[in-house]
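K.L.:
got a structure for you, letters missing:
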Ligand SMILES: [Fe+2]
């Protein structure tokens with residue numbers, strides 16, 4: 001609740017700073033942005049006597065507590081504020097409108113007079129004492145950097161019809177470098193969801209998982225970089241599809257399907273036109289990510305045509321992330337259910353060897369899974385340990401529904417009652433584990449461990465086979 005108010009404060013601050021960089025302070029656009037920002041600030045300030053937003057190690061803190069998800073979303077604003085050497089913003093009591101305007105002027109670089117003494121003060125508090133210069137923070141920052149690159153690229157393609165490959169490759173390389181050393185943490189980070197910017201976050205998650213699978217299968221970093229770039233850009237052709245069709249809540253008609261099925265070609269063409277190192281593999285992935293292993297799907301490869309290994313690799317991660325995310329036309333499924341859907345499609349939609357590798361790597365309850373134990377307690381799975389048959393995670397909520405400081409637990413599988421959707425119980429797994437300081441422990445488990453027997457244990461159950469919804473689901477993901 002409080003984090004939502006901080007996000008509103010940051011969002012309106014970002015908007016006000018960019019308006020002031022475009023228009024004079026008394027222009028109606030600037031005045032509207034300042035009014036909105038002031039309102040959000042007043043609402044945030046009303047939450048406590050003193051509200052301190054701290055900035056350190058690429059992260060925002062609220063009264064000393066890390067706001068991991070907010071840090072991810074507002075990485076650009078973080079950069080702008082830290083360029084202005086802002087380390088803390090203190091809201092002391094009721095916010096004065098002029099003080100807010102001064103803050104925006106300072107943040108926009110229009111004045112060098114540091115606001116102080118009033119209802120908004122800069123760099124007075126030092127509530128941030130935790131050390132966040134961690135590898136997980138670096139990874140999270142690269143993640144948001146890549147989301148930012150995709151955002152820019154999307155605008156460029158929409159405006160100019162083309163883009164340059166170099167900045168994409170640079171961002172992807174950095175992310176892959178970091179994730180290869182910490183694939184456990186990368187998998188945890190890939191559970192981050194965004195409904196407003198689905199395509200961007202989905203693309204980065206697909207990249208992280210495809211790269212982790214490739215690494216698990218023994219591919220080298222040299223091979224993984226173009227695969228990561230292809231995963232990142234696989235849906236770039238969607239810029240040619242109208243948002244109305246993309247978000248259409250019900251079934252699509254013929255015309256809408258035609259529009260959707262063109263996005264692989266559009267994407268591949270844009271990547272070929274961009275050129276640069278690794279662009280052929282990336283274009284192949286974009287072209288084939290909806291082509292099924294059995295030659296069906298689109299574009300139709302025919303009974304003798306198999307998609308490229310890189311495309312088959314990306315297709316599995318693509319569907320896994322899509323199925324576990326809520327869309328306007330479909331509910332989200334739990335990670336465990338998504339693995340069952342992959343297994344059902346093995347040999348048909350997907351390469352069975354890659355599905356097997358993916359499930360072994362993820363384990364039957366992938367990192368970030370939220371499990372309700374038979375005792376009623378909620379546990380978030382953090383990582384797998386090959387030397388232990390138990391599930392490793394953190395107890396986060398009691399049977400009585402009370403949130404507790406995350407506490408490490410090892411849970412035998414037979415104590416699991418059911419898997420629940422993180423979103424439905426108001427849990428953001430990556431953010432929660434990072435806030436609890438757990439992410440570093442996850443980093444220590446950097447290499448994905450072989451989960452022997454995971455496939456057998458996640459097997460397609462009787463119920464799933466009978467479930468008509470599951471079968472239609474695999475055709476619904478054709479839209480993603
Ligand atoms: Fe797609």
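P.N.:
Noted; the coordinates are in hand. Keep in mind that what you see is a predicted model, and the values were worked out from it rather than measured.
K.L.:
elements contacting the helix or strand where residue 232 lies?
P.N.:
In this assignment (DSSP states H and E), residue 232 forms part of helix 221-233. Where contact means 3 or more Cβ pairs under 8 Å, 6 or more residues apart in numbering; DSSP states H and E, helix 221-233 is packed against helix 165-181, helix 198-216, helix 263-274, helix 279-288, helix 309-323. Using the backbone N, CA and C atoms, a C-beta is placed for each residue, glycine as well.
K.L.:
And the ones you listed, which one averages the lowest pLDDT?
P.N.:
Ranked by mean pLDDT, the helices and strands packed on helix 221-233 bottom out at helix 165-181, with a mean of 88.
K.L.:
any idea how far it is from the chain center?
P.N.:
Centroid separation for helix 165-181 versus its chain: 16 Å, with Cα atoms, centre = their mean, to the nearest Å.
K.L.:
just checking, what packs against the first helix or strand past that helix going along the chain?
P.N.:
Using DSSP H and E, the next helix or strand after helix 165-181 towards the C-terminus is helix 183-189. Applying 3+ Cβ pairs under 8 Å, 6+ apart, we find helix 183-189 packed against helix 135-160, helix 165-181, helix 198-216, strand 378-383, helix 429-435, helix 439-444.
K.L.:
and residue 255, how many residues sit next to it?
P.N.:
By other Cβ atoms under 10 Å, the residues close to residue 255 number 9.
K.L.:
Residue 31 and residue 385, how far apart?
P.N.:
Residue 31 is 57 Å from residue 385, where distance means Cβ to Cβ, to the nearest Å.
K.L.:
rewinding a little: using CSV, lay out the helices and strands packed on helix 221-233 together with mean neighbour count and distance to residue 238.
P.N.:
Output for those, formatted as CSV (neighbours: other Cβ atoms under 10 Å; distance: least, Cβ to Cβ, whole Å):
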stretch, mean neighbour count, distance to residue 238
helix 165-181, 20, 16
helix 198-216, 25, 6
helix 263-274, 21, 5
helix 279-288, 25, 10
helix 309-323, 26, 13
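K.L.:
Which one of the ones you listed lies nearest to residue 247?
P.N.:
Comparison of those against residue 247 by Cβ to Cβ identifies helix 198-216 as nearest, at 9.0 Å.
K.L.:
the inter-axis angle of the closest one versus helix 135-160?
P.N.:
If you take axes from the mean of the first three to the mean of the last three Cα atoms, to 10 degrees, helix 198-216 sits at 130 degrees to helix 135-160.
K.L.:
Show me what helix 198-216 packs onto, helices and strands only.
P.N.:
helix 135-160, helix 165-181, helix 183-189, helix 221-233, helix 309-323, helix 352-362.
K.L.:
Same list (those) but as CSV, adding distance to residue 36.
P.N.:
Formatted as CSV, those follow (distance: least, Cβ to Cβ, whole Å):
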stretch, distance to residue 36
helix 135-160, 22
helix 165-181, 31
helix 183-189, 31
helix 221-233, 33
helix 309-323, 33
helix 352-362, 42
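K.L.:
circling back to that earlier point, neighbouring contacts of the helix holding residue 232?
P.N.:
Residues outside helix 221-233 that contact it (Cβ atoms under 8 Å, 6 or more residues apart in numbering) are 146, 150, 165, 168-169, 172-173, 175-177, 180, 203-204, 206-207, 210-211, 214-215, 219, 267, 271, 277-286, 310-311, 313-314, 317-318.
K.L.:
6 Å instead?
P.N.:
Under the criterion Cβ atoms under 6 Å, 6 or more residues apart in numbering, residues 169, 172-173, 176, 203, 206-207, 210-211, 214, 271, 278, 281-282, 285-286, 310, 314 lie in contact with helix 221-233.
K.L.:
buried ones in that helix?
P.N.:
223-233 (16 or more other Cβ atoms under 10 Å).
K.L.:
again with stretch 72-92
P.N.:
Buried, per 16+ other Cβ under 10 Å, within stretch 72-92: 72-75, 77-81, 86-92.
K.L.:
Out of the residues you listed, which sit inside helices?
P.N.:
Counting by DSSP state H, the buried residues of stretch 72-92 place 72-73, 75, 77-81 in helices.
K.L.:
Switch these over to JSON lines; also include pLDDT.
P.N.:
Output for these, formatted as JSON lines (pLDDT from 0 to 100):
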{"residue": "72", "pLDDT": "78"}
{"residue": "73", "pLDDT": "80"}
{"residue": "75", "pLDDT": "81"}
{"residue": "77", "pLDDT": "88"}
{"residue": "78", "pLDDT": "88"}
{"residue": "79", "pLDDT": "85"}
{"residue": "80", "pLDDT": "88"}
{"residue": "81", "pLDDT": "92"}
